[in-house]
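A.B. asks: Predicted model and sequence follow; I will ask about them next.
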Amino acid sequence: MHLVESLFSKDIKKAATRDGYGEAVMELGEADPNVMVLSGDLTESTRTLKFSKKFPERYVEAGVAEQNMAGMAAGLAFEGKIPFVSSFAVFSPGRNWDQIRVSICYSKANVKIAGSHTGLITGGDGATHQALEDIAMTRCLPNMVVLAPCDSIETKKATIAAAKHQGPVYIRFARDKTPVFTTPETPFEIGKALVLRNGEDASIIACGTMVYPALQASEELSKEGFSVRVVNNPSIKPIDVDTIVACARDTGAIVTAEEHQIYGGLGGAVAEVLTTNRPVPQEIVGVMDTFGESGEPKELLQKYGLTVEHIVSAVKKAIERKAEGFGVRKAV
Amino acid sequence: MAISDLEVLELEAIANTLRQDIIRMLVSVGSGHAGGPLGMAEVFAALYFHVMKHDPKNPFWDERDRLILSNGHICAVRYAAMARSGYFPVEELLTYRKINSRLQGHPHNLSLPGLENTGGPLGQGLSQAVGRCIAGRLDGKKYRVFCGMSDGEHNEGQTWEALMFAGNRKLRNLTTLMDRNNIQIDGHTEDIFPLEPLKEKYDAIKWHVIEIDGHNVRQIIEACDEAKAIYEKPTAIICHTIPGKGVDYMENNYEWHGKAPTKEQGDIALEQLKAEGERIQKEIGGLSKA
Ligand SMILES: Cc1ncc(C[n+]2csc(CCOP(=O)(O)OP(=O)(O)O)c2C)c(N)n1
Ligand SMILES: [Mg+2]
């Protein structure tokens, strides 16, 4: 549903989600003279170089000074600007979390934080540069909207939606090229999850770069006779309670998948919805409470348990737990 | 400690070897940082082969001098200096940035013995160095604390918090070596986030400042000696360097901050560096004969 035609083709088009961000700020810059970009000495890496050339007066080179950058953005926002704060997620919202908490969220400043280089697929730069905690540290903040789009097209839509939304927004995206499998027509709305593939035995709720592997996992599982729903959940906050509860009701078993720590991310957000609404067995696919390391994106995803096979076995485990009666985990 | 002309040349030869190592490491993995590491080769050669008190076979030796690297992205030069001084086999350099390696893209203290700190996020190193100094004082230890820093990270507030703290506390066992190469990622420092007048800023917050040519081994060593002799202040050695030093197409070009040469570009770089290495060897030969 709503996806490119040859979804599982070996040569599916690939692009970095950060490219979608770069395209969106260009369009926004054309459309709205209040849109501004701030960069923390990472203009090319965050794909805002084009914006800086086209709208030099609305581009602020903040230097390697993320705390000041976030504070300046709040000041700009209070004068009616729509600032997009661009850096690596480990530095923003990493380095400047207090400024984001107080000057932006508590104060309801209309600031957009764009965090690139999230996830293990940041690659060779290693653990210091791989943001795996950014969802946790942003979704706990009152007034904050948290978006984790799944491909470059959705990142563009999320960025444009962020500009339209009045209030603080955090958008996370990544460095490496990943499959482009949604289309310009695929719906996107803050607060909404989207069922990409129907199924009855279990539901995989994924965000960001794990949505495509989730679809592949569902395809694999269908060959083994399982019918597995796949939900793209780009809006981590506000979260789509109705869609998640419907998954629990219809399929009785949930797997979440994200390129983030298993604590505090999408898995936690979904678990919060389930326990307070309709508890069912849930398996969480993510980085298991450890830091990453240097390596090729593919090698890292394999080593840290974020592949199609890992999702497949998590789904089987969730289905097994459902069959055994809810909530009881077999002793290992 | 006076240093002879021959010793200077030998350290220059080591710096040249480190540069070749850096190129091989970057080419092998296809990513990494070129500009900063190449520019700091003389400084790291001088530190590891002359200035610092350390024992490669005993990296946790209690009395060793501590080297905190704050601008962790230049770690390729530190790894090369560590390998060449005997911390680990030179072949291991080619695992840099690859999976399961001890040589992380940004240095991790727990990955490799001899690294004092984890670095990469800029601006964090000097605070740690200050902590080491305070502890050393408290325990009556004799070690010196060196902190490698970059000009770009002088944008960060934390750098200045630590600088002011150290000046106020008169941390005389602290010596920083700043890579003043005038570049950061988006361009030249004075276009992106001007730092000048830098010496005056340091003066104002009670540091002793020495400005040197960061490619001049004798100046590096003399500055470190002077820092040791200064009793009432921490010392900042501002090392004026050329980013990408030794490879003509990289020199002073900020675009080589965080890029690896291709195989072909690497071969050209190695050719240039080897020619320079031969020149140094010839000079050494001349001196030994005289
Ligand atoms: C807190 C933080 N923000 C941003 C970055 C990304 N970054 C890595 S190196 C660098 C440039 C800094 O300039 P400098 O350290 O002088 O680099 P060099 O001279 O070695 O090219 C930046 C912005 C970072 N590592 N840490
Ligand atoms: Mg620099």
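C.D. replies: Arrived safely. Ligands and ions are numbered 1, 2, ... in the order given.
A.B. asks: which residues does the closest residue to residue B:34 other than its chain neighbours contact?
C.D. replies: Using C-beta to C-beta, 6 or more residues apart in numbering or on different chains and skipping residues adjacent in sequence, the residue nearest residue B:34 is residue B:256, 4.8 Å away. Any C-beta I mention is one placed from the backbone N, CA and C, and that applies to glycine too. Contacts of residue B:256 were listed using C-beta atoms under 8 Å, 6 or more residues apart in numbering or on different chains, and they are B:34-35, B:243-244, B:250.
A.B. asks: List the contacts of residue A:233.
C.D. replies: Residue A:233 makes contact with A:148, A:193, A:205-207, A:239-240, A:243-244, A:266, A:270 under the criterion C-beta under 8 Å, 6+ apart.
A.B. asks: any chance of these in CSV, plus secondary structure?
C.D. replies: Below are those laid out as CSV (DSSP: H, G, I helix; E, B strand; the rest coil):
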residue, secondary structure
A:148, coil
A:193, coil
A:205, strand
A:206, strand
A:207, coil
A:239, coil
A:240, coil
A:243, helix
A:244, helix
A:266, helix
A:270, helix
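A.B. asks: Highest neighbour count among those?
C.D. replies: residue A:148 (37 neighbours; other C-beta atoms under 10 Å in any protein chain shown).
A.B. asks: need the contact list for that residue.
C.D. replies: Taking C-beta under 8 Å, 6+ apart, one finds A:135, A:171-172, A:207-208, A:233-234, A:236, A:258, A:266 in contact with residue A:148.
A.B. asks: from these, which is closest to ligand 2?
C.D. replies: Nearest to ligand 2 among the contacts of residue A:148, counting by C-beta to the ion, is residue A:172 at 28.1 Å.
A.B. asks: beta partners for the nearest residue to the closest one once chain neighbours are set aside?
C.D. replies: Nearest in space to residue A:172, with sequence neighbours left out and distances taken as C-beta to C-beta, 6+ apart, is residue A:118 at 4.5 Å. Beta-bridge partners recorded for residue A:118 (DSSP bridges): residue A:131.
A.B. asks: so what pLDDT did residue 247 get?
C.D. replies: Since no chain was named, I'll use chain A. Looking at residue A:247, its pLDDT reads 98.
A.B. asks: not quite, I wanted chain B
C.D. replies: Model confidence at residue B:247, expressed as pLDDT, equals 98.
A.B. asks: Distance of it relative to residue A:321?
C.D. replies: Distance, residue B:247 to residue A:321, by C-beta to C-beta, to the nearest Å: 58 Å.
A.B. asks: More neighbours: which of these two?
C.D. replies: Counted by other C-beta under 10 Å, residue B:247 and residue A:321 do not tie: residue B:247 has more neighbours, with 25 against 20.
A.B. asks: just checking, the more buried one touches residue B:23?
C.D. replies: Yes: under the criterion of C-beta atoms under 8 Å, residue B:247 makes contact with residue B:23 at 7.4 Å.
A.B. asks: between these two, what contacts are shared?
C.D. replies: With contacts defined as C-beta under 8 Å, 6+ apart, the residues adjacent to both residue B:247 and residue B:23 are B:34, B:261, B:269, B:273.
A.B. asks: Buried subset of those residues as a PyMOL selection?
C.D. replies: Provided next is the PyMOL selection string for whichever of these are buried by 16 or more other C-beta atoms under 10 Å in any protein chain shown:
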select buried, chain B and resi 34+261+269+273
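A.B. asks: Distance to ligand 2 added to the shared contacts of residue B:247 and residue B:23, as a markdown table?
C.D. replies: Converted to a markdown table, these look like this (distance: C-beta to the ion, whole Å):
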| residue | distance to ligand 2 |
| --- | --- |
| B:34 | 12 |
| B:261 | 19 |
| B:269 | 20 |
| B:273 | 21 |
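A.B. asks: Which of the shared contacts of residue B:247 and residue B:23 fall within strands?
C.D. replies: If you go by DSSP state E, these have nothing in strands.
A.B. asks: one step back: what two of the contacts of residue B:256 have the greatest distance between them?
C.D. replies: Taking C-beta to C-beta, the two most distant members of the contacts of residue B:256 are B:34 and B:243; they sit 8.4 Å apart.
A.B. asks: In space, what's closest to residue A:318 - neighbours in sequence excluded?
C.D. replies: Nearest non-adjacent residue to residue A:318, counting by C-beta to C-beta, 6+ apart: residue A:253, 3.9 Å away.
A.B. asks: got the contact list for the one you found?
C.D. replies: Residue A:253 neighbours (C-beta under 8 Å, 6+ apart): A:201-203, A:280-282, A:315, A:318-319, A:321-322.
A.B. asks: what's the distance between residue A:27 and residue A:157?
C.D. replies: Using C-beta to C-beta, one obtains 11 Å as the distance from residue A:27 to residue A:157.
A.B. asks: okay, those two: which has more neighbours?
C.D. replies: A direct count of neighbours by other C-beta under 10 Å for residue A:27 and residue A:157 places residue A:157 higher, at 20 against 14.
A.B. asks: My read is that that one contacts residue A:149, right?
C.D. replies: Yes: under the criterion of C-beta under 8 Å, residue A:157 makes contact with residue A:149 at 7.2 Å.
A.B. asks: shared neighbours of these two, which are they?
C.D. replies: A:20, A:188.
A.B. asks: for the chain, what spans make up the strands?
C.D. replies: Defaulting to chain A. Taking DSSP E as the test, the strands found in chain A are A:14-16, A:35-39, A:59-61, A:82-88, A:112-116, A:145-147, A:169-172, A:177-179, A:194-197, A:202-206, A:228-232, A:235-237, A:254-261, A:282-287.
A.B. asks: other chain: chain B
C.D. replies: With DSSP E applied, chain B shows strands at B:66-69, B:145-150, B:174-180, B:208-213, B:235-240, listed in chain order.
A.B. asks: Tell me where chain B is predicted with low confidence.
C.D. replies: Applying pLDDT under 70 to the predicted model, the residue ranges of chain B that meet it are B:1.
A.B. asks: residues from it in reach of ligand 1?
C.D. replies: Applying C-beta under 6 Å from any ligand atom, one finds that chain B approaches ligand 1 through B:35-36, B:71, B:73-74, B:120-123, B:150-153, B:179, B:181, B:183-185, B:243, B:257.
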